[in-house]
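Participant: here is the input, now give the coordinates:
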Amino acid sequence: MILRPLALAGALSSLLASSPASVSAATAESAKAGAGPPPPADADDAEKAKENAPTQPNELDASDPGRQFKHFTAYSSSQTCAADEHALPFNNQIRGVNLGGWMVLEPWITPSLFYQFLGKGEGEVGMDHYSFCEVLGPEEGNRQLRRHWKTWVTKELIKELADSGAVNSLRVPVGDFMFEPYGPYVGCMDGSLDALETVLDWAHSYGLSVLLDVHTQRDSQNGFDNSGMSANFQWTSGLSTYPRDLTTFQHWPIRAANWMGTFDPRAINYMDINHDNIAHSLRVIEKIVDLYQDHPAVQGLEPVNEPWELTPLKLLKKFYWDAYLIMKEKAPYWKFVIHDSFRFTPETWGGFMKGCPDRALDTHIYQAWMDPADRLTFYNNACAQKKQIALMEREFGPVIVGEWSLATNNCVMWLNGFNDDLPGFPRSPCKYIACSEPYMGDEQPGAPVDVGKPVQGPYGTGMSGPSFGICPVDRDWMTERYNRGE
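Facilitator: Residues are numbered from 1 along each chain as shown. Presented below is the predicted three-dimensional model:
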């Protein structure tokens, strides 16, 4: 099991956690979700969506009386706050891990759960959480997920993390579909809230705080499988008849994120705004707050994970602001963490939510997509990250490195999608080892992987998968030549 580390800015080397299995790396000011239908689309929607460049903080409207909360006053006209009483300063170092792959499936984290789809044809393959439930159906999908929830995160694991002394917090990715199911998630996710409640109770009993991270959004906020849906996706088997019939697909060349609207890949812009999806996301925020506002383990909320860099910035900031007001209305002591949308710059976030208590900016640091280089290059890159974090803390406020890794290549199997890879990756020779044993035992369909078969379809635009029982993993840095001092 792989738990992505979570660390406070400036403490990037403080933790690389492992499990027993393996080591590796509102609409308007009131913003009440569900308080009425979403605003109708207007003729300016497409133009608004184009306003995606870094923006200056809004000016406070003199006619804005502000909205009084328990410890501060919020001004929606400027998306800023005043009169913060500093009831609970955000000055504690967070050292934690992500419970990745638990409530939101990612094939690279739990590959044995997806072995059952190898060699299957169109319409028979689960490549992400959405298609997993779609292909298996609510009954079988839920049966497998219940076993997964009980096996992947256990009380013993939570205790081990707490006993290590290195971890004081958990970032728990959750799906929006857990709180307001739609499509194939209906029935497939039954029991997920009970499982989450159990883990929250365990965390509290061992003195660990929890950040609830809404990892998915309807129609995908980034096109990655970690959003619940690999968008966009297209079967291309009809073009793969020679030299032999193959089941093929493409994702990366047509990737899009349609959470906030319809993305036009030619114009590289959004052509309309999906108010229904945004309203759905805000309702999910309100339901999470209603459910867990009094739970002693919950430290705060991250309303969306990794919205891609083409997300309309003004809309994203409006969503963050509305979600913050919803949260603070009922959970006045919760922390509010916003992802940088892969735009970790003062021009983007400087001055946003200025004066608002309990907010922090989340940035994710991965070197795995860098060009191959020597050790010194990666060390220098890490030092440069520290300088940028210090700058952002001056211009915005507290920064959390919510995900990071020591990996320096893309070799690990299915990192860029089930049976797929990002064009041009991996850029380094990879190491192959015997594929891991299934964490749920041999009862898991399709597991263990068949050692008598080569790489099986369906085939994406890149190649990654088990072959004759061996799987690709990170290359070794500590080589025999290095050990000899060469």
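
Participant: please count neighbours and contacts with C-alpha atoms only from this point.
Facilitator: Will do.

Participant: correct me, but residue 206 touches residue 157?
Facilitator: No: judged on CA atoms under 8 Å, residue 206 makes no contact with residue 157 at a distance of 11.0 Å.

Participant: could you pull out the strands for the stretch 151-300 of the chain?
Facilitator: For the stretch 151-300 of the chain, applying DSSP state E, counting those that start in this stretch gives strands covering 169-174, 209-214, 234-235, 249-250, 263-264, 269-270, 298-302.

Participant: correction: the stretch 1-150 of the chain
Facilitator: Using DSSP E, counting those that start in this stretch, strands in the stretch 1-150 of the chain cover 5-8, 67-68, 73-75, 80-82, 95-98.

Participant: so where's the chain shaky on pLDDT?
Facilitator: When residues are selected by pLDDT under 70, those of the chain lie in 1-56, 90, 478-486.

Participant: for the top helix by length along it, name the packing helices and strands.
Facilitator: Under DSSP state H, the helix in the chain containing the largest number of residues is helix 129-152. On a contact count with 3 or more CA pairs under 8 Å, 6 or more residues apart in numbering; DSSP states H and E, helix 129-152 meets helix 192-205.

Participant: what's next to the helix it packs on, contact-wise?
Facilitator: 103, 146, 149-150, 153, 155, 158, 178-179, 209-210, 295-298 (CA atoms under 8 Å, 6 or more residues apart in numbering).

Participant: and it, what's buried?
Facilitator: Judged by neighbour count using 16 or more other CA atoms under 10 Å, the buried positions of helix 192-205 are 192, 196, 199-204.

Participant: from the residues you listed, which is closest to residue 456?
Facilitator: residue 192 (31.7 Å; CA to CA).

Participant: how close does that closest one get to residue 425?
Facilitator: 35 Å (CA to CA, to the nearest Å).

Participant: repeat that for residue 101.
Facilitator: 23 Å.

Participant: comparing those two, which residue is more hemmed in?
Facilitator: residue 101 (25 against 16; other CA atoms under 10 Å).

Participant: what ranges do the helices span in the stretch 251-400 of the chain?
Facilitator: With DSSP state H, counting those that start in this stretch as the definition, the stretch 251-400 of the chain shows helices at residue ranges 275-292, 313-330, 346-349, 375-395.

Participant: among those helices, which comes closest to residue 174?
Facilitator: Going by CA to CA, the one of the helices of the stretch 251-400 of the chain nearest residue 174 is helix 275-292, 10.2 Å.

Participant: in stretch 337-354, what counts as buried?
Facilitator: With burial defined by 16+ other CA under 10 Å, the residues of stretch 337-354 counted as buried are 337-341, 343-346, 348-354.

Participant: give me the nearest residue to residue 144, chain neighbours excluded.
Facilitator: In this structure, residue 144 finds its nearest non-sequential neighbour in residue 444, 8.0 Å apart by CA to CA, 6 or more residues apart in numbering.

Participant: contact partners for the one you found?
Facilitator: Here residue 444 is in contact with 112-113, 144, 438 (CA under 8 Å, 6+ apart).

Participant: look up how far residue 452 lies from it.
Facilitator: Taking CA to CA, one finds residue 444 at 18 Å from residue 452.

Participant: make a markdown table out of the helices of the stretch 251-400 of the chain and add distance to residue 421.
Facilitator: Compiled in a markdown table, the helices of the stretch 251-400 of the chain are given as follows (distance: least, CA to CA, whole Å):
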| stretch | distance to residue 421 |
| --- | --- |
| helix 275-292 | 29 |
| helix 313-330 | 29 |
| helix 346-349 | 30 |
| helix 375-395 | 23 |
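
Participant: can you put the strands of the stretch 1-150 of the chain in TSV and add mean neighbour count and distance to residue 291?
Facilitator: Formatted as TSV, these follow (neighbours: other CA atoms under 10 Å; distance: least, CA to CA, whole Å):
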stretch	mean neighbour count	distance to residue 291
strand 5-8	25	24
strand 67-68	14	23
strand 73-75	21	24
strand 80-82	19	26
strand 95-98	26	21
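
Participant: let's have the ones you listed in a markdown table, adding distance to residue 239.
Facilitator: Listed next are these as a markdown table, based on distance: least, CA to CA, whole Å:
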| stretch | distance to residue 239 |
| --- | --- |
| strand 5-8 | 42 |
| strand 67-68 | 58 |
| strand 73-75 | 56 |
| strand 80-82 | 54 |
| strand 95-98 | 40 |
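
Participant: which one of those strands lies nearest to residue 250?
Facilitator: strand 95-98 (29.3 Å).

Participant: pull the most distant pair out of the contacts of residue 444.
Facilitator: 144 and 438 (13.1 Å).

Participant: neighbour count for the two, which is higher?
Facilitator: Taking other CA under 10 Å, residue 144 and residue 438 do not tie; residue 438 has more neighbours (20 against 17).

Participant: relative to residue 115, how far out is the more buried one?
Facilitator: Taking CA to CA, one finds residue 438 at 10 Å from residue 115.

Participant: what is in contact with those two at once?
Facilitator: With CA under 8 Å, 6+ apart, residue 438 and residue 115 have common neighbours 447-448.

Participant: now do the contacts for residue 308.
Facilitator: Residue 308 sits next to 221-222, 257, 341-342 when contact means CA under 8 Å, 6+ apart.

Participant: now render those as CSV, adding distance to residue 429.
Facilitator: What follows is the contacts of residue 308, written out as CSV (distance: CA to CA, whole Å):
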residue, distance to residue 429
221, 32
222, 28
257, 31
341, 31
342, 28
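
Participant: among those residues, which two are most distant?
Facilitator: For these, the farthest-apart pair by CA to CA is 257 and 342; their separation is 13.9 Å.

Participant: so what's residue 92 up against?
Facilitator: Not one residue lies near residue 92 by CA under 8 Å, 6+ apart.

Participant: helices along the stretch 1-150 of the chain, start to end?
Facilitator: Going by DSSP H, counting those that start in this stretch, the stretch 1-150 of the chain shows helices at 45-49, 129-152.

Participant: looking at those, which is closest to residue 80?
Facilitator: From these, taking CA to CA, the stretch that ends up closest is helix 45-49, at 21.3 Å.

Participant: about what we covered before: out of the strands of the stretch 1-150 of the chain, nearest to residue 459?
Facilitator: strand 95-98 (29.8 Å).

Participant: packing partners for that closest one?
Facilitator: Using 3+ CA pairs under 8 Å, 6+ apart, strand 95-98 sits against strand 5-8, strand 169-174.

Participant: walk me through which strands that strand pairs with, and which way each runs.
Facilitator: strand 5-8 (antiparallel), strand 169-174 (parallel) (DSSP bridges).

Participant: check the buried residues of helix 192-205 against residue 168 and report the nearest one.
Facilitator: residue 203 (9.5 Å).

Participant: quick one: contacts of stretch 412-426?
Facilitator: Contacts to stretch 412-426, defined as CA under 8 Å, 6+ apart, come from residues 107-108, 111, 127-128, 225, 252, 409-411, 457-466, 471-474.

Participant: swap that for stretch 161-174, sorry
Facilitator: The contact list for stretch 161-174 (CA under 8 Å, 6+ apart) reads 6, 14-15, 17, 94-100, 102-104, 206-216, 402.

Participant: ok, and for that stretch, which residues are buried?
Facilitator: 161-162, 167-174.

Participant: between those, which is nearest residue 396?
Facilitator: Nearest member of these to residue 396, counting by CA to CA, is residue 171, at 21.6 Å.
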